[in-house]
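>>> return atomic coordinates for the entry below.
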Amino acid sequence: MLQEREATMAQAARRVTAKDANAKLAQRRLAVLELAERLGNVAEACRRGGIDRTSFYEWKRRFQLAGLDGLKDLPPIAKWHPMTTPPEVVARLAALALLHPAYGCNRLEALLALQGRRLSAITIQKILNDQGLGTRHERWLALERHNAERAIELSPEQAAFLEKLNPCFKERHVESGRPGELLSADTFMVGTLKGIGRVYLHAVVDTYGSYAFGFLHVSKQPEAAVAVLHNDVLPFYAKLDLPVGAVLTDNGREFCGSERHAYELYLA
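As a prediction, this is how the structure comes out:
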């Protein structure tokens, strides 16, 4: 009991000492404010008091609002607040964000409310930012990391989300049942070279596996479009003993025209 009483008295003494020191500090700051008023010169008062003008005006503002108590040092900010979101709710929110990566904060707020957990959309956004899941792109990357680290079964919603954001997973508009069954051909201008002029890419892509062939040429004429078929595409499939079924184009001038059109004659 004696030791406990002594410890209590020591704590009380420390509190009194700290209180006295804070009161003395407030008095010194008040002295600087009074000096500035007597001199009519803030810069000179700050020089004599050894402070900067920013601190002077902050003390002056606090003195006007709270008097002498406003010049005392403020108590430290608590690292924990009663309104801090419990860790289990943070974990549940992170799980929901990955389960529904395309959902915004309002929809996540509604999902949590259905589970008896009340969080505002602003709080949800802050928590997701702290967890590195604040944007859809970050949630997509997190999903891919989880998938790479362990084998997981993606829900249809998660798979659709990944297909939408990752160009490697995007669904093709035209599909085929085997390699070589349907090829898609088109021509694009890729740029201009000094002393050469325009440069075109004659591209052919297999709709089955997106395997692509390309031929750069300064001409957009049918002969250049035929060259990639004759030199690269058809020999490739012939070597694999895969018949080419059809070639799909946008009916541009390099692919169709008169009866003597070079590309149509070659396909025939």
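>>> next up, the contacts around residue 29.
59, 63, 71 (C-beta atoms under 8 Å, 6 or more residues apart in numbering). All C-beta spots, glycine's among them, are computed from the backbone N, C-alpha and C.
>>> pLDDT wise, what is the last one at?
This means residue 71. Looking at residue 71, its pLDDT reads 80.
>>> OK, contacts around the spatially closest residue to residue 244 that is not a sequence neighbour?
The shortest distance from residue 244 to any non-neighbouring residue, by C-beta to C-beta, 6 or more residues apart in numbering, is to residue 180 (4.9 Å). If you count contacts by C-beta under 8 Å, 6+ apart, residue 180 has them with 206, 208, 237, 242-245.
>>> go again using 10 Å as the cut-off
By C-beta atoms under 10 Å, 6 or more residues apart in numbering, the contact list for residue 180 reads 206-208, 211, 233-234, 236-238, 240-246.
>>> cross those against strands and list the overlap.
Using DSSP state E, the subset of the contacts of residue 180 located in strands is 206, 246.
>>> show me the contacts of residue 180 that map onto helices.
234, 236-238 (DSSP state H).
>>> name the nearest of those residues relative to residue 27.
Checking the ones in helices among the contacts of residue 180 against residue 27 by C-beta to C-beta gives residue 236 as the nearest, at 90.4 Å.
>>> hang on, isn't that closest one packed against residue 211?
Yes - between residue 236 and residue 211 there is a contact under C-beta atoms under 10 Å: 8.7 Å.
>>> okay, these two: which has more neighbours?
Using other C-beta atoms under 10 Å as the criterion, residue 236 and residue 211 rank with residue 236 on top: 17 against 14.
>>> what's the closest non-adjacent residue to the more buried one?
residue 213 (7.3 Å).
>>> please enumerate the helices of the stretch 101-250 of the chain.
105-114, 121-130, 136-149, 156-165, 222-228, 234-239 (DSSP state H, counting those that start in this stretch).
>>> out of the ones you listed, the one nearest residue 99 is which?
For residue 99, the closest of these is helix 156-165, at 7.4 Å, according to C-beta to C-beta.
>>> packing partners for the closest one?
helix 87-99, helix 136-149 (3 or more C-beta pairs under 10 Å, 6 or more residues apart in numbering; DSSP states H and E).
>>> now the contacts of residue 29 in a markdown table, with neighbour count and secondary structure?
Below are those laid out as a markdown table (neighbours: other C-beta atoms under 10 Å; DSSP: H, G, I helix; E, B strand; the rest coil):
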| residue | neighbour count | secondary structure |
| --- | --- | --- |
| 59 | 18 | helix |
| 63 | 17 | helix |
| 71 | 22 | helix |
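>>> would you turn the helices and strands packed on helix 156-165 into a markdown table with mean neighbour count and distance to residue 186?
Below are these laid out as a markdown table (neighbours: other C-beta atoms under 10 Å; distance: least, C-beta to C-beta, whole Å):
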| stretch | mean neighbour count | distance to residue 186 |
| --- | --- | --- |
| helix 87-99 | 16 | 38 |
| helix 136-149 | 15 | 29 |
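>>> mind putting those into a markdown table with distance to residue 164 and mean pLDDT?
Output for those, formatted as a markdown table (distance: least, C-beta to C-beta, whole Å; pLDDT from 0 to 100):
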| stretch | distance to residue 164 | mean pLDDT |
| --- | --- | --- |
| helix 87-99 | 16 | 87 |
| helix 136-149 | 9 | 79 |
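>>> now tabulate those helices in TSV and tack on distance to residue 49.
Listed next are the helices and strands packed on helix 156-165 as TSV, based on distance: least, C-beta to C-beta, whole Å:
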stretch	distance to residue 49
helix 87-99	47
helix 136-149	49
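>>> which one of the contacts of residue 180 is nearest to residue 28?
Within these, distances to residue 28 taken as C-beta to C-beta reach their minimum at residue 211, with 79.9 Å.
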